[in-house]
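[1] Starting from these lines, generate the structure:
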Amino acid sequence: MGLKVQLTYPRFFDIPDGMRPDLQVEFSFTQPRLDAEHKDIASFVAEYKNEPAEAGFLCLSPVEIASDKFSSLIWRVLKRDREDEKDDPAILRHLHDLCALREIIERDEKLFIETALGSFAIDQERQNRQVGMSLSEAAAAALAAMGADELYRKEYEQFVDAMSYADDDEKIGFDVAIAQFQALMGKIPV
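    Numbers count the residues shown, from 1 in each chain. Next up is the predicted model:
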């Protein structure tokens, strides 16, 4: 169960392609499946001065985040209707983020797979997310859909150009992200 809130704010600049026009805040009322992790928060000034972090908080495990993104990307691609007024090309953030989380996933692939299967099972309990396939079948279908439709590449590139602060030679390209998705897909039991 969750809640989405659209927050509008004054704009002083044009919104780049690939970004939502408003801030969307999502709340989920489910218990984390993995133990929360404490993360420090340090300002740029503290980091520059090599001072300790000013604050910290509990957050979801990055493995759980990756698992949720894997499931979410799959069902969103398979359920996508570009003609729907609520269509969100920014769903490709999940493809980008999965690739960015590669090292964390690889550290504990077994936990990622178990958590991804659990996340997908929970998603499939909601009618608007049901795809009528196993996770491995759905992942293969999503990969085929993203590969067959050139618009996915364009939407991905627009998202990365608008949102990534990485130098151009360090940005995660569509082909690299797709290859990482395919590698993750190959780890899911059939």
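[2] Would you list the strands that the lowest-mean-pLDDT helix or strand in the chain pairs with, along with their directions?
    Counting by mean pLDDT, DSSP states H and E, the weakest-scoring helix or strand in the chain turns out to be strand 23-28, with a mean of 78. Strand pairing for strand 23-28, using DSSP bridges, gives strand 2-7 (antiparallel).
[3] Run through who's touching the strand it pairs with.
    22, 23, 24, 25, 26, 27, 28, 29, 30 (CB atoms under 8 Å, 6 or more residues apart in numbering). For glycine as for every other residue, the C-beta is placed from the backbone atoms N, C-alpha and C.
[4] Columns distance to residue 171 and neighbour count on top of the residues you listed, output as a markdown table?
    Compiled in a markdown table, these are given as follows (distance: CB to CB, whole Å; neighbours: other CB atoms under 10 Å):
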| residue | distance to residue 171 | neighbour count |
| --- | --- | --- |
| 22 | 25 | 13 |
| 23 | 23 | 10 |
| 24 | 24 | 12 |
| 25 | 27 | 10 |
| 26 | 26 | 8 |
| 27 | 31 | 9 |
| 28 | 29 | 11 |
| 29 | 35 | 7 |
| 30 | 33 | 8 |
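[5] The helix or strand just after the least confident helix or strand of the chain pairs with which strands?
    The helix or strand immediately downstream of strand 23-28 is strand 37-41, counting by DSSP states H and E. The strands beside strand 37-41 in its sheet (DSSP bridges) come out as strand 55-59 (antiparallel).
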